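> 3D model of this:
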Amino acid sequence: MMINTLALPPSDVEVDAWLAVLTSAAAADLPQLPPPSRVEVAGRLRIVPARGRPVLWAAGGDAGVAALLLFTEEGNTHTAFLDVLAVRPDVRRQGVGTALWERVREELLAQGRTSVATMVDLGGPGQAFAESLGFENVLPMAWYAQELPADGPAQAAPATPGYELLTWHGLVPDAWAPAAAAAHAAMEDAPTGDMDERVQTWTAERLHILQQLILDRGGEMTTVAAVTPQGEVAAYTEVVLPDPAGTGAVQYDTVVVPAHRGDGLGRAVKRHMAAQAVARHPRLRRIATTVADENTPMRAVNESLGYRRERGAGIFQLKL
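Below you'll find the predicted structure:
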């Protein structure tokens, strides 16, 4: 099996071939979901991630693809993330996935990596393949989805006495970036299982770099924050449309700073976020997010807002 390493950035032909593999794999494995968007796929392939160096491979033209992210940030140069390993359904069980994995493993060892992680949907061919290679589920989680009404904005957010709800589209404003970064640091108590990847220190600069990456890839991002009169970000939530013309969005982080928990701020910012998203993007019909199984408080918040469990998933990790 011929495995080719793609140049960065890949050509239009290579992007189209990559998209064809992902589209056919998604149609077989997750037929209930919308097909991958070219805007999102091209953006992820062509705009280098801020956290590391990507390596891309294609098998036999359009039989399969793999994308590896070698972390370059301090504290994580010992590990990596396998972002994609997909094989076209009609050529599965012919050694394509194994050939791609061997190239990935060679690169990991050549770069001195001692572990690699990947996100896997449970119950499908991805889990079976990962476990056959020795990957273990170190952070069980699930995808949850909220369906949005087609006839108008979602229910308005409840009152938040003592807090103001602010909405930022794109980058968090410079004046609020340090406070937003400080609130991001509250994610350090979120479940991470036995992952080798280490949590990074949040700064205003890092926050803007990661947000700019989303925009450079062609997506749109909205942040809703509950702020205090003293200028503190007490809670926030983020929603990303990888393709602004699409009907789906992904909710990124939702965090309530420990000192402000118990006031319903998590529900408030998420409900306001949904209303803002529908008003700004009338075609939007669905917001999906992942929550770790052990994160009981956030699962309860999501359930109260109408999110339903869609499918199990996990962060699978392999020690090399």
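> and the lengthiest helix in the chain, what does it pack against?
Within the chain, and with DSSP state H defining each element, the longest helix by residue count is helix 12-29. Packed against helix 12-29 by the contact rule (3 or more C-beta pairs under 8 Å, 6 or more residues apart in numbering; DSSP states H and E) you find helix 38-46, strand 52-59, strand 64-71, strand 80-87. Every C-beta, even on glycine, is put in place using the N, C-alpha and C of the backbone.
> so which of those gets nearest residue 122?
When the helices and strands packed on helix 12-29 are ranked by proximity to residue 122, the top entry is strand 80-87, at 16.1 Å, counting by C-beta to C-beta.
> which residue ranges of this protein form strands?
Along the chain, counting by DSSP state E, strands occupy 3-5, 52-59, 64-71, 80-87, 115-121, 136-147, 164-169, 220-227, 233-241, 248-256, 286-292, 308-319.
> tell me the most buried of those?
Burial of those is given as mean neighbour count (mean count of other C-beta atoms under 10 Å); strand 233-241 ranks first at a mean of 25.
> which helices and strands does that one pack with?
Using 3+ C-beta pairs under 8 Å, 6+ apart as the contact test, the elements touching strand 233-241 are helix 177-184, strand 220-227, strand 248-256, helix 265-280.
> so how far is residue 242 from the residue nearest to the spatial centre of the chain?
The residue lying closest to the centre of the chain (C-alpha atoms, centre = their mean) is residue 252, at 6.8 Å. The spacing between residue 252 and residue 242, counted by C-beta to C-beta, to the nearest Å, is 11 Å.
> about what we covered before: out of the strands of the chain, which gets nearest to residue 204?
By C-beta to C-beta (comparing all of the strands of the chain), the closest turns out to be strand 233-241, at 11.6 Å.
> run the chain-centre distance for that closest one.
Between the mean C-alpha point of strand 233-241 and the mean C-alpha point of its chain there is a distance of 14 Å (C-alpha atoms, centre = their mean, to the nearest Å).
> could I get the strands of the chain in a markdown table, plus columns for distance to residue 180?
As requested, these are arranged in a markdown table below (distance: least, C-beta to C-beta, whole Å):
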| stretch | distance to residue 180 |
| --- | --- |
| strand 3-5 | 38 |
| strand 52-59 | 23 |
| strand 64-71 | 23 |
| strand 80-87 | 24 |
| strand 115-121 | 25 |
| strand 136-147 | 23 |
| strand 164-169 | 8 |
| strand 220-227 | 7 |
| strand 233-241 | 5 |
| strand 248-256 | 10 |
| strand 286-292 | 19 |
| strand 308-319 | 25 |
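> is it possible to get CSV of those strands that adds distance to residue 279 and mean pLDDT?
What follows is those, written out as CSV (distance: least, C-beta to C-beta, whole Å; pLDDT from 0 to 100):
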stretch, distance to residue 279, mean pLDDT
strand 3-5, 44, 96
strand 52-59, 35, 97
strand 64-71, 34, 98
strand 80-87, 32, 98
strand 115-121, 31, 97
strand 136-147, 16, 96
strand 164-169, 10, 95
strand 220-227, 10, 96
strand 233-241, 12, 96
strand 248-256, 13, 93
strand 286-292, 14, 95
strand 308-319, 23, 97
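> picking that back up, which one of the helices and strands packed on strand 233-241 lies closest to residue 316?
Going through these one by one, with C-beta to C-beta as the measure, strand 248-256 comes closest at 19.9 Å.
> could you say what helices and strands the closest one packs with?
Packing contacts for strand 248-256, counted by 3+ C-beta pairs under 8 Å, 6+ apart, involve helix 177-184, strand 233-241, helix 265-280, strand 286-292.
> what's in contact with the last one?
The set of residues that contact strand 286-292 without belonging to it, under C-beta atoms under 8 Å, 6 or more residues apart in numbering, is 139-148, 190-191, 193, 239, 247-252, 254, 274, 277, 298-299, 302, 307, 310, 313.
> mind putting the helices and strands packed on strand 233-241 into CSV with distance to residue 169?
Below are the helices and strands packed on strand 233-241 laid out as CSV (distance: least, C-beta to C-beta, whole Å):
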stretch, distance to residue 169
helix 177-184, 14
strand 220-227, 5
strand 248-256, 13
helix 265-280, 7
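> shouldn't residue 76 be in contact with residue 198?
Yes. Between residue 76 and residue 198 there is a contact under C-beta atoms under 8 Å: 5.7 Å.
> those two: which is more packed in?
residue 76 (19 against 13; other C-beta atoms under 10 Å).
> quick one, what contacts the more buried one?
With contact taken as C-beta under 8 Å, 6+ apart, residue 76 is in contact with 51-52, 197-198, 200.
> residue 124 now?
Residues in contact with residue 124 (C-beta under 8 Å, 6+ apart) are residue 29.
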